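**Q** following is a predicted model, sequence given first.
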Amino acid sequence: MKLKLTTLALGAMMAAGPVMAELVMPSLSYRTGPYAAGGIPFADGYADYFTLLNERDGGIGGVPVRVIECETGYNTEKGVECYESTKGEGALVYQPLSTGITYQLIPKTTADGIPMHTLGYGRTSAKNGNVFSHTFNYPANYWDGASGAVNYLLEENGGDISDKKIALVYHNSAYGKEPIRTLEELSAKHGFELILLPVDHPGQEQKSQWLQIRRERPDNVIMWGWGVMNQVAIQEAANIRFPMENFIGIWWSGGEHDVLPAGAASDGYKALTFHNVGRDFPIFQDIQEYVVDAGKAAGAGDQIGNVLYNRGLYAAMLAAEAVKEAQEIHGTADITPAMMRDGMEALDMTEERMASLGLPNFGPTFTASCENHGGDGMVGVVQWDADSQTWSLISDFAPTDQDVLGPLIKADSQSYAEENNIPAQCE
Amino acid sequence: MPEQLVFAMEVVLNGLMAGVLYALVALGFVLIYKASGIFNYAQGVMALFAAMTLVGIMQGQVPFAHLINATFGLHVTHFGWQIPGFIAILLTMAVMVLLAWLVQTFIMRHLIGQEPIILFMATIGLAYFLEGVADLMWGSEIKTLDVGLPQGINLWIDERTFNIFGYGFFIDNLDIVATIIAALLVAALVAFSQYTKQGRAMRAVADDHQAALSVGISLNFIWVLVWSVAGFVALVAGIMWGTKSGVQFSLSLIALKALPVLMLGGFTSIPGAIVGGLIIGVGEKLFEFAIGPLVGGATENWFAYVLALIFLVFRPQGLFGEKIIERV
């Protein structure tokens, strides 16, 4: 009897003993379905970066990172299910990888006190941390993208585009319509003519839009595409012999899989970006050594260095740096979601910091704060070389027009705050 | 000639070409429905599966590589050879025949005599299963399909129309090829069903299953044949659409473009699918050209269905469909 009691007591002690600390990073990925071509490299990059930290550094601050991957299929309902099923695991930050899922999760994550990071997608006005306490969208948002495209065209045309005609070919959805208001404001400011050309989902048939472009002869085309719409648009542009160097896509229209189907005809196509491209960075040597060669790569290893792989890696790097900030602020390595949020608000991405991580000039420098969850909105431009099948960064990460964007973000976020009775978060 | 009229002529020509591509997808639906009364929801996915298989064979990709690697700890992706387009098309056709046999043997044979809605549900299941198999078999990345079809503006038409109207029409070379192939395909299908023993048996089964059985026609064989022919049509559609956009999972959504064509042309008529496709193609493109700018554009998807509904109200069996008269 005594032996039994002792055994039971020991068992209870073991069960109640200190749980091994870990940093839980959910990855709401989409490796299946129509959009898997973009989802797979992002998920691989996100996972591989944390694997590298675990294998090379023993985690972050000595605490290992555990990535929980949950397949959303880019479906909003499934994304919310993934959130609900993983949040109890101690999730520190969510990357929903879908604007639809983001909109559903903004109130949920706020209520649950878990931060969410939507880099380059989601609700643009979430940049205003005074309203959106748990949503972050640094380093750039869709409106930065629209302004970045116009700024790039201004730079190319000696600062004057008042005589230019610019067409926006966009996915006829909430996502595709995001840049319209910004472009209308910028059209009024700079005097260019704006032509709006919506493309219905999924975008497999765009003959009407490109015939109209051929008739109206815009000087430049900006594209807000997604999925098959991107490949068809680039092919149609090539078919009508639209100069590729005058065709700029948003960053979700600027992956290898978007240009490769058009072959040589896609040469010179441009896309906006908020991170660097290629694998010419010291960190990729470490990824090869500690992740790929060790047989711990998330995928087949064939996505490393792709645009969307780099985006996933960049997202993971920003999350890891926010963890470090949180650990420093709170003096503990085993942080909570609330501490993670503090870390994200305190994030200061300097060039020195990126260089020390093996990622020099990998992204724009920015500083987050309680009021500013979106960074400084610096945007660059990449161009596709069909011969070498590589993207190259052809501009610096340049500032966007905050004089125009600031009031738009303020108005949109204030209206959200009024609808949802949200008091100021940064008193 | 007024500029807008010239533009409208270009739009009509492009609409006709787009209509041919829609008709190519609709043809597969018609073939199976005509012979077996099944509305094959999986037709779009069959086009995707056929195109993925074609690219996989051409590039020497190892099927189920991910599964093989995960199971046996290997790292195989390709055999290391490339197969010319024509041979790859023949091999893909063999795979589509095998698929037809599998569908008939393991699904449809067991559902003979069931309500049409049950058969329809079975094809929904088949569609999702096939999509998963295609993913597992060939991977989900976007693949470039190049079987040597020309793409881009036809310069001859551009020059001729420029000389006549002062504005060169844009006609895509791929659309011209698609039109020729569709015409050959329809001629071959008609010749097959009219002049071959199997074709006549197929028509007999389509007219009356019981009567066909009573004269010794194998229903099983005919349905395998029909699904194989539908697989071939799916392969042709997959090649055309896959060349335009790359072979990717959204290729299965081209089925959405075939539905208004079927509503308009009827589910049982091959000429109906062609004429329906042309009417839908021209109708949606002209509407987008004339009315689109007034209502913010992106009218094509919904207007195709409006057009089909209008025809449906006045001729429920479609333009060329068989009128069903049931006597009480």
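**A** Arrived safely.

**Q** against which helices or strands is the helix or strand harbouring B:P271 packed?
**A** If you go by DSSP states H and E, B:P271 is part of helix B:270-290. Applying 3 or more C-beta pairs under 8 Å, 6 or more residues apart in numbering or on different chains; DSSP states H and E, we find helix B:270-290 packed against helix A:207-216, helix B:3-36, helix B:173-195, helix B:255-265, helix B:300-314. For every residue, glycine as well, the C-beta is placed using N, CA and C.

**Q** now the ones you listed as CSV including mean neighbour count, distance to A:R123 and mean pLDDT?
**A** Conversion of the helices and strands packed on helix B:270-290 to CSV gives the following (neighbours: other C-beta atoms under 10 Å in any protein chain shown; distance: least, C-beta to C-beta, whole Å; pLDDT from 0 to 100):
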stretch, mean neighbour count, distance to A:R123, mean pLDDT
helix A:207-216, 22, 27, 96
helix B:3-36, 23, 36, 93
helix B:173-195, 16, 40, 92
helix B:255-265, 26, 29, 90
helix B:300-314, 17, 26, 91
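
**Q** for these, which one sits closest to B:W138?
**A** Closest approach to B:W138 among those (C-beta to C-beta): helix B:255-265, 19.4 Å.

**Q** figure out how far that closest one is from the centre of its chain.
**A** Put simply, helix B:255-265 sits 11 Å off its chain's centre (C-alpha atoms, centre = their mean, to the nearest Å).

**Q** do stretch B:311-321 as well
**A** Worked out by C-alpha atoms, centre = their mean, stretch B:311-321 lies 21 Å from the chain centre.

**Q** what distance separates the opening and closing residues of it?
**A** 12 Å (C-alpha to C-alpha, to the nearest Å).

**Q** who's in contact with A:Q231?
**A** By C-beta atoms under 8 Å, 6 or more residues apart in numbering or on different chains, the residues touching A:Q231 are A:257-259, A:261-262, B:142, B:245-246, B:248.

**Q** hmm, back to that, immediately after the helix holding B:P271, which helix or strand?
**A** As assigned by DSSP H and E, the chain's next helix or strand after helix B:270-290 is helix B:292-295.

**Q** touching chain A at all, that following helix?
**A** Yes. Using C-beta under 8 Å from any C-beta of the partner chain, helix B:292-295 comes into contact with chain A via B:G292.

**Q** average pLDDT for that helix?
**A** For helix B:292-295, mean pLDDT rounds to 91.

**Q** pull the residues that contact it.
**A** For helix B:292-295, the surrounding residues in contact (C-beta under 8 Å, 6+ apart) are A:208, B:298-299.

**Q** what of stretch B:116-125?
**A** Stretch B:116-125 has contacts (C-beta under 8 Å, 6+ apart) with B:36-42, B:107-108, B:111.

**Q** distance to B:L174 and secondary structure added to the residues you listed, as a markdown table?
**A** Output for these, formatted as a markdown table (distance: C-beta to C-beta, whole Å; DSSP: H, G, I helix; E, B strand; the rest coil):
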| residue | distance to B:L174 | secondary structure |
| --- | --- | --- |
| B:S36 | 32 | helix |
| B:G37 | 34 | coil |
| B:I38 | 31 | coil |
| B:F39 | 29 | coil |
| B:N40 | 26 | coil |
| B:Y41 | 27 | coil |
| B:A42 | 25 | coil |
| B:I107 | 34 | coil |
| B:M108 | 34 | helix |
| B:L111 | 38 | helix |
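
**Q** just to revisit the earlier point, out of the helices and strands packed on helix B:270-290, nearest to A:F50?
**A** With C-beta to C-beta as the criterion, A:F50 lies closest to helix B:255-265 of those, at 39.3 Å.

**Q** just give the number of residues close to residue 94.
**A** Looking at chain A here, since you left the chain open. Look at A:Y94: counted by other C-beta atoms under 10 Å in any protein chain shown, it has 29 neighbours.

**Q** you answered for a different chain; I wanted chain B.
**A** Neighbour tally, B:A94, other C-beta under 10 Å: 13.

**Q** repeat for the one 4 residues further on
**A** Here the neighbour count serves as a burial measure; for B:L98 (other C-beta under 10 Å) it reads 12.

**Q** and which of the contacts of helix B:292-295 is nearest A:P64?
**A** After measuring those against A:P64 - C-beta to C-beta - the closest member comes out as B:A298, at 48.6 Å.

**Q** enumerate the residues of chain A near chain B.
**A** Counting by C-beta under 8 Å from any C-beta, the residues of chain A lying close to chain B are A:31-34, A:36-37, A:40, A:172, A:196-202, A:204-205, A:207-209, A:211-212, A:214-215, A:227-228, A:231-232, A:235, A:238-241, A:257, A:260-261, A:263, A:265, A:300, A:302.

**Q** how does it look with 6 Å?
**A** A:34, A:36-37, A:172, A:198, A:200, A:202, A:204, A:207-208, A:214-215, A:227-228, A:231-232, A:239-240, A:257, A:260-261 (C-beta under 6 Å from any C-beta of the partner chain).

**Q** of those residues, buried ones?
**A** A:34, A:36-37, A:172, A:198, A:200, A:202, A:204, A:207-208, A:214-215, A:227-228, A:231-232, A:239-240, A:257, A:260-261 (16 or more other C-beta atoms under 10 Å in any protein chain shown).

**Q** from the residues you listed, which ones fall inside strands?
**A** A:P198 (DSSP state E).

**Q** quick check: B:F267 touching B:Y33?
**A** Yes. B:F267 is within contact range of B:Y33, at 4.5 Å (criterion: C-beta atoms under 6 Å).

**Q** now the closest residue to A:I106 other than its chain neighbours: how far from A:Q95?
**A** Among residues not flanking A:I106 along the chain, A:T135 sits closest, at 5.6 Å (C-beta to C-beta, 6 or more residues apart in numbering or on different chains). Distance of A:T135 to A:Q95, given as C-beta to C-beta, to the nearest Å: 12 Å.

**Q** how far away is the closest residue to chain A within the stretch 51-200 of chain B from B:G132?
**A** Distances between the stretch 51-200 of chain B and chain A by C-beta to the nearest C-beta are smallest at B:S140, namely 3.7 Å. Counting by C-beta to C-beta, the gap from B:S140 to B:G132 is 10 Å.

**Q** who has more neighbours, those two?
**A** B:S140 (22 against 12).

**Q** that older thread, what sits against the residue nearest to A:I106?
**A** A:106, A:116, A:126 (C-beta atoms under 6 Å, 6 or more residues apart in numbering or on different chains).

**Q** as TSV, these with pLDDT would be great.
**A** Below are the contacts of A:T135 laid out as TSV (pLDDT from 0 to 100):
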residue	pLDDT
A:I106	97
A:M116	98
A:A126	97
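
**Q** in strands, which of these appear?
**A** Checking these against DSSP E, those in strands are A:M116.

**Q** list just the nearest of the contacts of A:T135 to chain B.
**A** Nearest to chain B among the contacts of A:T135 is A:M116, at 26.1 Å by C-beta to the nearest C-beta.

**Q** what sits against the closest one?
**A** A:94, A:105, A:109, A:135.

**Q** repeat that with 10 Å
**A** Residues near A:M116 by C-beta atoms under 10 Å, 6 or more residues apart in numbering or on different chains: A:83, A:91, A:93-96, A:101-102, A:105-106, A:108-110, A:122, A:126, A:132, A:134-137, A:341, A:344.
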